[in-house]
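*Asks:* here is my input, please return the structure:
(one chain, ligands or ions: 1)
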Amino acid sequence: MSEQTGADAARNVSADREISADGAGDDYEHHGGFPVYEPVKAGPNYGTFVETFRRLQDLMVSTHAPDDVIDRAIEQTEALVELLAPYEVPEGRSPAGFNVELPGRGSALLLPWKIEKFGEDGVRERGMFRRYHLGGNGAAHGGTLPLLFDDLFGMVIHANGRPIARTGYLHVNYRKITPIETELVVDGWVDRVEGRKAYCKAELRDLDGNLLADSEALMIQLLPGQQ
Ligand SMILES: CCCCCCCCCCCCCC(=O)SCCNC(=O)CCNC(=O)[C@H](O)C(C)(C)COP(=O)(O)OP(=O)(O)OC[C@H]1O[C@@H](n2cnc3c(N)ncnc32)[C@H](O)[C@@H]1OP(=O)(O)O
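*Replies:* So this is what the prediction gives:
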């Protein structure tokens with residue numbers, strides 16, 4: 001039997017609790033006032049598209065090019081904007097963020113980490129902070145860690161079988177410098193539940209097991225109709 005990957009597990013969990021266009025198979029009231037999302041499948045080259053964009057983001061913050069090169073970069077970027085603009089769609093209609101097999105689920109906003117484990121007992125992701133995420137002196141920008149944790153907690157809630165929740169608070173303890181361009185692992189889980197309130201925890205470690213940062217968040221289940 002082939003081994004199930006984290007992405008397979010995430011896809012299966014989502015399919016089990018399928019949120020179909022008519023809401024069948026899911027008591028959609030439990031997801032507050034969220035619109036009904038149908039996962040938008042990425043085409044075969046979408047991952048390459050996002051990765052190329054991420055490489056560009058890395059170069060944006062790590063180059064010092066001459067003015068004529070910047071002028072050419074503007075021209076080429078404007079051409080890219082012109083190419084893509086006609087295909088702009090409303091929230092929930094782009095593949096960005098829906099494709100669990102891609103780093104950051106295919107969203108350029110999210111950290112390009114891959115889901116390794118996705119279950120009721122927690123979610124694990126593996127990846128790197130890149131040059132784009134640099135704060136100073138080789139460390140990831142402190143603001144990028146809450147992004148990693150917040151998105152992880154969203155997935156932890158989903159994997160735990162709970163309805164959509166919003167973050168009430170998110171606390172981060174920065175225990176050690178988090179290096180960029182170094183493979184790291186983050187684990188998140190539901191620690192305890194009190195009615196609508198799910199208290200979640202997470203730990204970010206290097207591959208030697210050193211704890212770099214940990215986080216606790218209160219994820220609050222939305223009321224019917226709540227945005
Ligand atoms: C496979 C594919 C997977 C895809 C997965 C998707 C991943 C997506 C990932 C994206 C994930 C991104 C997720 C995001 O980033 S969500 C974006 C960031 N969060 C927000 O914008 C939330 C803004 N805030 C609100 O909307 C409201 O305040 C909410 C809805 C949160 C609560 O307002 P509401 O009026 O409904 O409730 P309440 O005020 O009666 O509070 C209820 C209870 O909670 C307690 N309380 C509240 N706040 C705090 C606090 N700060 N510390 C301690 N306690 C707090 C409160 O005392 C009360 O307790 P109790 O008296 O009942 O005991």
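
*Asks:* please name the residues that touch the spatially most distant residue from the centre of the chain.
*Replies:* The outermost residue of the chain, judged against the average C-alpha position, is Asp68 (36.0 Å), by CA atoms, centre = their mean. By CB atoms under 8 Å, 6 or more residues apart in numbering, no residues touch Asp68. In short, each C-beta sits where N, CA and C put it, glycine included.

*Asks:* is it in a helix, a strand, or coil?
*Replies:* helix (DSSP: H, G, I helix; E, B strand; the rest coil).

*Asks:* now Gly168: how far from the ligand?
*Replies:* 3 Å (CB to the nearest ligand atom, to the nearest Å).

*Asks:* can you tell me the element that residue falls in?
*Replies:* If you go by DSSP states H and E, Gly168 is part of strand 165-174.

*Asks:* direction included, what does that strand pair against?
*Replies:* Using DSSP bridges, the strands paired with strand 165-174 are strand 211-221 (antiparallel).

*Asks:* not counting sequence-adjacent ones, nearest residue to Val61?
*Replies:* Tyr132 (5.7 Å; CB to CB, 6 or more residues apart in numbering).

*Asks:* wasn't that neighbour part of a helix?
*Replies:* Yes - judged by three-state DSSP, Tyr132 forms part of a helix.

*Asks:* check contacts around it.
*Replies:* 54, 57-58, 60-61.

*Asks:* just the buried members of those residues?
*Replies:* Buried by 16 or more other CB atoms under 10 Å: 54, 58, out of these.

*Asks:* need the pLDDT of the closest residue to the ligand within the chain.
*Replies:* Here the chain gets closest to the ligand at one residue, Gly154, 2.1 Å apart by CB to the nearest ligand atom. On the pLDDT scale, Gly154 is placed at 98.
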